[in-house]
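Enquirer: Prediction below, plus the sequence it came from.
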Amino acid sequence: MSAARAGVAEHSRERRSTPLLRLSLLLAVAVVVVLLAACDADRSAPQILMDGSDALVPGVELEGVSGRVVLTKVKIVRVGEVRAGSLAADCLRGPARGARPTGRLIERIAAASMTVTLRDASGLHACDDSPGQREADRRWCGAAFGRLYGGRLRDPRLSISCKTRDGKLMGFVWVEPDPGARFIAVRQPNFVEVYRTTVGLPVRVSTTVGVNAEGSRASLDLSEHDERGQLVRRYRLEAAVSG
């Protein structure tokens, strides 16, 4: 092969390799961007709950739930076993003072909230807490009371008086799950928060998604799952602050 032909062949190979090299570089950049986005999303999901304990995951895979999943904590306290300094004791000294609880009190700890639910002859009581600022440095930033009709609530008793540490408004509602449900999944920013159900009492959940301060309303995307994680039902809960 002459020197001229060799030069033309080499130039042709360079032209063919240039687009391939560019494509390889673009693919490499795209992979890096996807990995960084995944890392950022994972870091934005909570690693600990409000009490400082590690954020765990449910022991089963929840059907139809994708992304990072965080399991909240629940503690059942019998009326005669309420200990001083506990969430239940603080609730009974605070918003639920005067209540005469029957059966059990339910303490729940989520990523950015703590709640207590109890029942007495008059109905349901809730004490709500969050890491955000509140008036007069009160122990609890929110509370709710719901009268029962035929053993059920007429509305979820929305409270929107609490805030996250960075000032986002939070909504608290009671969810009355299907009898076959064992988990309630609540869509949060960048993750899904999961609550275990308890027999006989609704589940007090919190969210920063879909909270409308001006309209005193909140809209929550929920799904309920059985003990094996299979989907029981999926729905949107619309709630308004009761007058």
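Expert: Okay, I see it.

Enquirer: okay, now residue 134: neighbour count?
Expert: 16 (other CB atoms under 10 Å). To be clear about C-beta, it is placed using only N, CA and C from the backbone, and glycine gets the same treatment.

Enquirer: residues in contact with the residue nearest to it when sequence neighbours are not counted?
Expert: In this structure, residue 134 finds its nearest non-sequential neighbour in residue 141, 4.1 Å apart by CB to CB, 6 or more residues apart in numbering. Going by CB atoms under 8 Å, 6 or more residues apart in numbering, residue 141 touches 128, 129, 130, 132, 134, 161, 162, 163.

Enquirer: Skip the chain neighbours and tell me the closest residue to the second one.
Expert: Counting by CB to CB, 6+ apart, the nearest residue to residue 129 once its immediate chain neighbours are dropped is residue 114, at 4.3 Å.

Enquirer: burial count for that neighbour?
Expert: Counted with other CB under 10 Å, residues neighbouring residue 114 total 24.

Enquirer: likewise residue 48?
Expert: Per other CB under 10 Å, the neighbour tally for residue 48 reads 11.

Enquirer: For it, give its distance to residue 65.
Expert: 21 Å (CB to CB, to the nearest Å).

Enquirer: Please tell me how far the residue nearest to residue 134 sits from residue 208.
Expert: Taking CB to CB as the criterion, residue 141 is separated from residue 208 by 14 Å.

Enquirer: just residue 191 next, same as before
Expert: From residue 191 across to residue 208, the span is 11 Å (CB to CB).

Enquirer: same deal with residue 240?
Expert: Spatial separation of residue 240 from residue 208 under the definition CB to CB is 17 Å.

Enquirer: One more: residue 50?
Expert: Residue 50 sits at a distance of 13 Å from residue 208 (criterion: CB to CB).
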